[in-house]
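Student: Model the following, please.
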Amino acid sequence: SEFFCFIGNRASGEGTLFAQEPPFGQYLSFFFDASRSEGNLRITWDLGKNFRRGERLTLDPVTVSEGLCTKLLERWADSVARREKLSFNQSMRVGWCSWYRYFTKIDPDLILSDLHEAKKRRIPFDFFQIDDGWQRCVGDWLALKPSFSGRMRELADEIRSAGFAPGLWLAPFITTRKSPAFSKPGWVLRDEKGKPVTAGWNPNWGGPFSLPFYALDITNPEVQDYIRTVISAVTKEWGFSYLKLDFLYAASLPGVRCDMSLTRAEVLREGLSLIRECAPGAVILGCGAPLSASVGLVDAMRIGCDVSPRWKENPIERLLSSDSNLSTEGAIRSTFVRSFMDKRFWINDPDCLMLRSSGTKLSIAERRTLFHAILTAGGMLVLSDSLSRYGAKETGLVIRALDLFKKTSKGKTRALDLLEQKTLELFYNDRGYLCLCNFGEKPEVVIFSKADLARCGVEADVLVDVGSGESFEIKGETVFRLGAHDSRMFRIEV
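Tutor: Predicted coordinates for the structure are as follows:
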């Protein structure tokens, strides 16, 4: 485990939490060996820096506490937030993103078409975000696709005039061979043998067997100046005030840097601080970022893998042992497990909601589970469909989602069965909502009583299905049957 580790009793939910404390200047990893009779826990502090003779470094502390898993995680996050006086912009919670409908195949007319639909349908978005596909190539952020050339300010102004904050995706810490940044001396992070450090592969940037992309050395003053130029252009010249920053982990990859006095975690923190200085009023969503090093430097954080128009990981990605883990199931599970971070470290981003019935391999049950999970989580609610293709059913779902989100977004959430290894999941929002999910491949039955819920800290006399309005009185054993990958969401009445 990284950042924190809990070892405990699955039945009681009690055990010991080992958790990293600020200033989050190193990456901590926890390795637990259960093969011995007493068990063995090893903790490593990853530095990745050079030391001057006589230099001393204070390691990030590790706090150790005992009790119920969910309570310990919440108490730790509350303590960090309070002591570090964490603050983040919470105004950008509801939005639209181009990615999961159009991917890289976007142009200004498509963006404006959905913008006009949002305005016509009076969908109260906080932001409207243009995702990947506007740039000529990754790493050359000021060179635009012909269709976007000279139109970025126009698009931002159109979005703002519609009543939304204009948002833009970019990945400031990586480059590809197509970008001039790749050939500039000292700009690309290199390994001990002088080879460029590969940051990953992305089939959207050149087919299923695309060439790799690379990490920039953001300790290089020239790279820092370039980042300043890019962020200044995006925010001040083009007018975008919401930034989705992707592939941020690249800043922390092992390599030989221009400045080797910083740990790998400190390098990422320096990079994010630089962007903060260049865009002091912008809302920043971190994506693909190590969590610990991002605390205090982002307003919102993607806390899991990307959702996908499919439930499981793509077979090709499984074959190639991809570490991207793109799957709707994985995104929902991460949302549940890391729910305690929301409104403490930042606003949790569970990734986008897809309601469409075409252009997707998600079943009705799977779309319903994504809908319920995002709404119960109460972090962000971001649509990623072509709004012009919405019929009366989808429009009704949007209205219902926004109405529910007004309530759940004010709450804090908790995974009630965090340690249990089973296909069912219980997810609770303290504004009075309960979500039951079946991640299994076959129908399951969940049975609980009022006492069972009380043991989880939930008081309930009646559960009201938010979709059907059906009521269930909780006295003795209450039985719910859920199909594979399906879910139900209830409003709790006491």
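Student: What are the boundaries of the strands in the stretch 1-150 of the chain?
Tutor: Counting by DSSP state E, counting those that start in this stretch, the stretch 1-150 of the chain has strands at residues 4-8, 14-20, 27-33, 40-46, 62-68, 94-97, 127-130, 135-137, 140-144.
Student: Out of those, the one nearest Arg310 is which?
Tutor: strand 94-97 (18.0 Å; CB to CB). The C-beta positions use only the backbone N, C-alpha and C, and glycine is treated the same way.
Student: For that closest one, the averaged confidence score.
Tutor: Throughout strand 94-97, pLDDT has a mean value of 98.
Student: same for that strand, what does it pack against?
Tutor: Where contact means 3 or more CB pairs under 8 Å, 6 or more residues apart in numbering; DSSP states H and E, strand 94-97 is packed against strand 127-130, strand 381-383.
Student: Neighbouring strands of it in the sheet, and parallel or not?
Tutor: When pairing is defined by DSSP bridges, strand 94-97 lines up against strand 127-130 (parallel), strand 381-383 (parallel).
Student: Mean pLDDT, distance to Thr395 and mean neighbour count added to those, as JSON lines?
Tutor: As requested, the strands paired with strand 94-97 are arranged in JSON lines below (pLDDT from 0 to 100; distance: least, CB to CB, whole Å; neighbours: other CB atoms under 10 Å):
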{"stretch": "strand 127-130", "mean pLDDT": "98", "distance to Thr395": "17", "mean neighbour count": "26"}
{"stretch": "strand 381-383", "mean pLDDT": "98", "distance to Thr395": "11", "mean neighbour count": "26"}
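Student: quick one on the thing from earlier: of all the strands of the stretch 1-150 of the chain, which lies closest to Thr360?
Tutor: strand 94-97 (15.3 Å).
Student: TSV for the strands paired with strand 94-97, including distance to Met489?
Tutor: Compiled in TSV, the strands paired with strand 94-97 are given as follows (distance: least, CB to CB, whole Å):
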stretch	distance to Met489
strand 127-130	25
strand 381-383	14
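Student: tell me the helices in the stretch 51-200 of the chain, going along the chain?
Tutor: Applying DSSP state H, counting those that start in this stretch to the stretch 51-200 of the chain gives helices spanning 69-83, 99-102, 108-120, 152-161, 180-183.
Student: can you check the stretch 301-450 of the chain too?
Tutor: 315-319, 328-337, 364-377, 392-408, 450-455.
Student: Select, out of the ones you listed, the one closest to Glu55.
Tutor: Smallest distance to Glu55 across the helices of the stretch 301-450 of the chain (CB to CB): 37.6 Å, for helix 328-337.
Student: List the residues that contact Glu237.
Tutor: Residues in contact with Glu237 (CB atoms under 8 Å, 6 or more residues apart in numbering) are Arg153.
Student: Hmm, I typed the wrong one, I wanted Ile106.
Tutor: 98, 130-131, 133-134.
Student: Can I get stretch 382-397 as PDB, trimmed to CA atoms?
Tutor: In PDB, the C-alpha atoms belonging to stretch 382-397 read as follows (Å, rounded to 0.1, in the frame of the first residue of the first chain):
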ATOM      1  CA  VAL A 382     -19.700  15.600 -14.600                       C
ATOM      2  CA  LEU A 383     -21.600  14.500 -17.700                       C
ATOM      3  CA  SER A 384     -19.800  13.300 -20.800                       C
ATOM      4  CA  ASP A 385     -22.500  12.600 -23.400                       C
ATOM      5  CA  SER A 386     -23.600  14.400 -26.600                       C
ATOM      6  CA  LEU A 387     -26.400  16.400 -25.100                       C
ATOM      7  CA  SER A 388     -28.200  16.900 -28.500                       C
ATOM      8  CA  ARG A 389     -28.800  13.100 -28.500                       C
ATOM      9  CA  TYR A 390     -30.600  13.100 -25.200                       C
ATOM     10  CA  GLY A 391     -34.200  12.100 -25.400                       C
ATOM     11  CA  ALA A 392     -36.900  12.700 -22.800                       C
ATOM     12  CA  LYS A 393     -35.600   9.700 -20.700                       C
ATOM     13  CA  GLU A 394     -32.000  11.000 -20.500                       C
ATOM     14  CA  THR A 395     -33.100  14.500 -19.900                       C
ATOM     15  CA  GLY A 396     -35.300  13.300 -17.000                       C
ATOM     16  CA  LEU A 397     -32.300  11.400 -15.500                       C
END
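Student: quick one on the thing from earlier: tell me the most buried of the helices of the stretch 51-200 of the chain?
Tutor: helix 99-102 (a mean of 22; mean count of other CB atoms under 10 Å).
Student: Would you indicate which residues of stretch 191-207 are buried?
Tutor: Applying a neighbour-count criterion of 16 or more other CB atoms under 10 Å, one finds 196-197, 199-202, 205-206 buried in stretch 191-207.
Student: pull the CA atoms of that stretch into CSV?
Tutor: In CSV, the C-alpha atoms belonging to stretch 191-207 read as follows (Å, rounded to 0.1, in the frame of the first residue of the first chain):
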residue,chain,number,x,y,z
ASP,A,191,17.8,7.6,-16.8
GLU,A,192,21.3,6.8,-15.6
LYS,A,193,22.2,5.6,-19.1
GLY,A,194,21.0,8.9,-20.7
LYS,A,195,17.9,7.4,-22.3
PRO,A,196,14.6,9.3,-22.2
VAL,A,197,12.3,8.2,-19.3
THR,A,198,9.1,6.7,-20.7
ALA,A,199,6.0,7.9,-18.9
GLY,A,200,3.6,5.6,-20.7
TRP,A,201,1.7,4.8,-23.9
ASN,A,202,-1.6,6.2,-25.1
PRO,A,203,-3.4,4.6,-28.1
ASN,A,204,-5.4,7.8,-28.5
TRP,A,205,-2.2,9.5,-29.6
GLY,A,206,-1.3,7.2,-32.4
GLY,A,207,-3.2,3.9,-32.5
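Student: All good on my end, thank you.
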